[in-house]
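Asks: Fold the following, please.
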Amino acid sequence: MDFQPIASLLQESMEGKKARIRGWIYRTRSSGGVAFVVLRDSTAILQCAVKKSQVPEKQFADAEKALLESAVEVEGIIKKDGRAPGGFEVQATSFRVKQFAQVFPISRDQSPEFLLDVRHLWIRSRELTAAAKVKATVLEAARAFFKSRGYWETTPPLIVSGACEGGSTLFDFNYFGKKAFLSQSAQLYLEALIYSLEKVYAITPSFRAEKSRTVRHLAEYWHIEGEEAYMDFEGLLKFEEELIAFICHQVAKERAEELKRLGRDPSDLLKIKPPFKRLKYEEAVSLLQKKGSSVQFGDDFGAEDEKLLTEHETQPLFVTHFPKKIKAFYMKQDLENPELVFGNDCLAPEGYGEIIGGSQREDDLKEIERRLKEQGSDPKDYEWYLDLRRFGSVPHSGFGLGAERLVRWICKLEHIRDATPFPRVINRSYP
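Replies: Numbering: from 1, shown residues only. A predicted model of the protein is given here:
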């Protein structure tokens, strides 16, 4: 008999049937001649009642001896029991320990820093397991959406020669005697690829050397990025909101139990539907000032500003038409007001802040050269990128979505570090 996923046994139709499961001890206690061992695998948890009278003497002794996280295999009969977690238990006829674990170092009331020190063990927790499954579904849904729109997945480099989002947040290193950097974004390379494939995306790590100690910043994160030839700003906004809605609906349908464990009602995500509310930057500044913010026109929004804008929203919110001077050189200027750009931030509701940054890209060679000089960059450092404007330039748009930021909102996580298995933040590269 093959081993069965625990989740497949937690149903009325399985009562009285034989089961064969394997996993790790999640909880354990003994009472008289019975050891109650709660076993977990990747799918769920299930209580095993190991009675001294029903298994060989050594197996019962092992059941009493085995500590948390010991690896075991159990055979027995499924019985319904409302006192057991999940409402079912296995009445064991065989209990074999594959490996006796040592005393598990994680107990209740541990500090966040300690749990980060033992992250390689803490990722076994049910909450982080649930978040990891949600993240996997987010990435799968993103790929499905891009494919449905005729996009090609591509593999841009992570070792790059220049900045995309500003030199102050670049990680640099010695690359065979020359200075090179870890990628902040795949965007510039995706722009190169639209001239052959037209619609492209990539899901890659990005790196930002920001000395930020906030609940929404990581030094290494996963970036979902797309670029499309001939797409204008209006088309970009429509694509972004449809992508977010699609991902939310897929997660709600496929990961309902995980969402509930994390405190998110799946119906919240099923209500996410385009079109999303839009605010121009100028309107957002005015609204923030009315809410007591000290932000002024020309300032970039901080986490508290984004929280004020969305804390009572139930749908994502677009902020558009930012001042040119606070945005990147590649954003196309608004033809009606050259001091603004066709750029947008998509803010998650409930105060979780920005999840997407996007724009129509500047397709005019002279304008982009001028913008580079304005921002203190040497156009010679971007010769290959400027070639894209010299040979067949067309209007195009694209965006970058932070996977962990999206997962944090979807899962109602307090800190973004729990949206990734091994978080890299300003003070941590271990384990």
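Asks: quick one: L413 and G263 touch, right?
Replies: No. Taking contacts as Cβ atoms under 8 Å, L413 lies outside contact range of G263: 9.1 Å. In this view, the C-beta of every residue, glycine as well, is placed from N, C-alpha and C.
Asks: List the buried residues in stretch 12-20.
Replies: For stretch 12-20, burial by neighbour count (16 or more other Cβ atoms under 10 Å) applies to 14, 19.
Asks: What mean pLDDT does it get?
Replies: Mean per-residue pLDDT for stretch 12-20: 97.
Asks: Please state the offset of it from the chain centre?
Replies: Stretch 12-20 sits 36 Å away from the centroid of its parent chain (Cα atoms, centre = their mean, to the nearest Å).
Asks: what do you get for stretch 421-431?
Replies: In terms of Cα atoms, centre = their mean, the centre of stretch 421-431 is set 15 Å apart from its chain centre.
Asks: follow-up on the earlier one: more neighbours: L413 and G263, which one.
Replies: Just comparing L413 and G263: by other Cβ atoms under 10 Å the higher neighbour count belongs to L413, 23 against 11.
Asks: got the contact list for the more buried one?
Replies: Applying Cβ atoms under 8 Å, 6 or more residues apart in numbering, we find L413 in contact with 131, 262, 407, 419.
Asks: same check, this time on A71
Replies: Contacts for A71 (Cβ under 8 Å, 6+ apart) come out as 22-24, 97-99, 101.
Asks: Closest to E127 out of these?
Replies: Using Cβ to Cβ, W24 is the member of the contacts of A71 that lies nearest E127, at 16.0 Å.
Asks: What separation do you get for the closest residue to the closest one other than its chain neighbours and V97?
Replies: Nearest non-adjacent residue to W24, counting by Cβ to Cβ, 6 or more residues apart in numbering: E69, 5.2 Å away. According to Cβ to Cβ, to the nearest Å, E69 stands 12 Å off from V97.
Asks: and stretch 206-215, average pLDDT?
Replies: Stretch 206-215 shows a mean pLDDT of 92.
Asks: how far is it from where the chain is centred?
Replies: 15 Å.
Asks: Can you get me the start-to-end distance on it?
Replies: End-to-end span of stretch 206-215 (Cα to Cα, to the nearest Å): 18 Å.
Asks: Same question for it: list its buried residues.
Replies: Using 16+ other Cβ under 10 Å as the test for burial, stretch 206-215 gives 206-210.
Asks: Please, where are all the strands along the stretch 301-431 of the chain?
Replies: Ranges of strands in the stretch 301-431 of the chain, per DSSP state E, counting those that start in this stretch, are 317-320, 333-334, 337-341, 343-348, 353-361, 396-402.
Asks: What is the last one packed up against?
Replies: In terms of contact count using 3 or more Cβ pairs under 8 Å, 6 or more residues apart in numbering; DSSP states H and E, strand 396-402 is assigned the packing partners helix 187-197, strand 220-229, helix 233-254, strand 353-361.
Asks: D345 pairs with what?
Replies: Beta-bridge partners for D345, by DSSP bridges, are V319, G357.
Asks: and it, what does it touch?
Replies: Counted by Cβ under 8 Å, 6+ apart, D345 has contacts 301, 306, 318-319, 322, 354, 356-357.
Asks: can you do 6 Å?
Replies: Applying Cβ atoms under 6 Å, 6 or more residues apart in numbering to D345 gives the contacts 319, 354, 357.
Asks: Which one (most neighbours) among those residues?
Replies: Counting neighbours by other Cβ under 10 Å, the top entry in the contacts of D345 is V319, with 24 neighbours.
Asks: Tell me the helix or strand right after the longest strand along the chain.
Replies: Using DSSP state E, we find that the single longest strand of the chain is strand 18-31. Going down the chain from strand 18-31, the next helix or strand is strand 34-40, by DSSP states H and E.
Asks: Provide the strand pairings for that next one, with the direction of each partner.
Replies: strand 18-31 (antiparallel), strand 45-51 (antiparallel).
Asks: Can you give the distance from that strand to the centre of its chain?
Replies: Worked out by Cα atoms, centre = their mean, strand 34-40 lies 33 Å from the chain centre.
Asks: With stretch 51-65 instead?
Replies: Between the centre of stretch 51-65 and the centre of its chain there are 43 Å (Cα atoms, centre = their mean).
Asks: Can you list the buried residues in that stretch?
Replies: 51-52, 54-55, 59-60, 62-63.
Asks: And stretch 416-431, by the same measure?
Replies: Across stretch 416-431, burial judged by 16+ other Cβ under 10 Å covers 416-420, 423, 425.
Asks: of the residues you listed, the lowest pLDDT goes to which?
Replies: pLDDT across these is lowest for V425, at 94.
Asks: Name the residues linked to it by a beta bridge.
Replies: R428.
Asks: Please tell me how far it sits from L182.
Replies: Taking Cβ to Cβ, one finds V425 at 15 Å from L182.
Asks: domains of this structure?
Replies: What automatic domain parsing lists as the domains of the chain is 6-99, 117-419.
Asks: would you turn those into TSV with distance to I106?
Replies: Shown next, in TSV, are the domains of the chain (distance: least, Cβ to Cβ, whole Å):
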stretch	distance to I106
domain 6-99	9
domain 117-419	6
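Asks: ok, V97 to I45 distance?
Replies: 18 Å.
Asks: E127: neighbour count?
Replies: Neighbourhood size, E127 [other Cβ under 10 Å]: 16.
Asks: by contact count, what packs against the helix or strand that contains it?
Replies: Per DSSP H and E, E127 falls inside helix 126-148. If contacts are counted by 3 or more Cβ pairs under 6 Å, 6 or more residues apart in numbering; DSSP states H and E, helix 126-148 sits against helix 233-254, helix 256-262, helix 403-411.
Asks: Burial-wise, tell me which of the ones you listed comes out on top.
Replies: Ranked by mean neighbour count, the helices and strands packed on helix 126-148 are led by helix 403-411 with a mean of 25 (mean count of other Cβ atoms under 10 Å).
Asks: Which secondary structure elements does that helix sit against?
Replies: Here helix 403-411 touches helix 126-148, strand 220-229, going by 3+ Cβ pairs under 6 Å, 6+ apart.
Asks: Recalculate using a threshold of 8 Å.
Replies: Counting by 3+ Cβ pairs under 8 Å, 6+ apart, helix 403-411 packs on helix 126-148, strand 220-229, helix 233-254, helix 256-262, strand 343-348, strand 353-361.
Asks: Tabulate the ones you listed (JSON lines), appending distance to K271 and mean pLDDT.
Replies: Formatted as JSON lines, these follow (distance: least, Cβ to Cβ, whole Å; pLDDT from 0 to 100):
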{"stretch": "helix 126-148", "distance to K271": "17", "mean pLDDT": "98"}
{"stretch": "strand 220-229", "distance to K271": "22", "mean pLDDT": "98"}
{"stretch": "helix 233-254", "distance to K271": "9", "mean pLDDT": "98"}
{"stretch": "helix 256-262", "distance to K271": "13", "mean pLDDT": "98"}
{"stretch": "strand 343-348", "distance to K271": "14", "mean pLDDT": "98"}
{"stretch": "strand 353-361", "distance to K271": "17", "mean pLDDT": "98"}
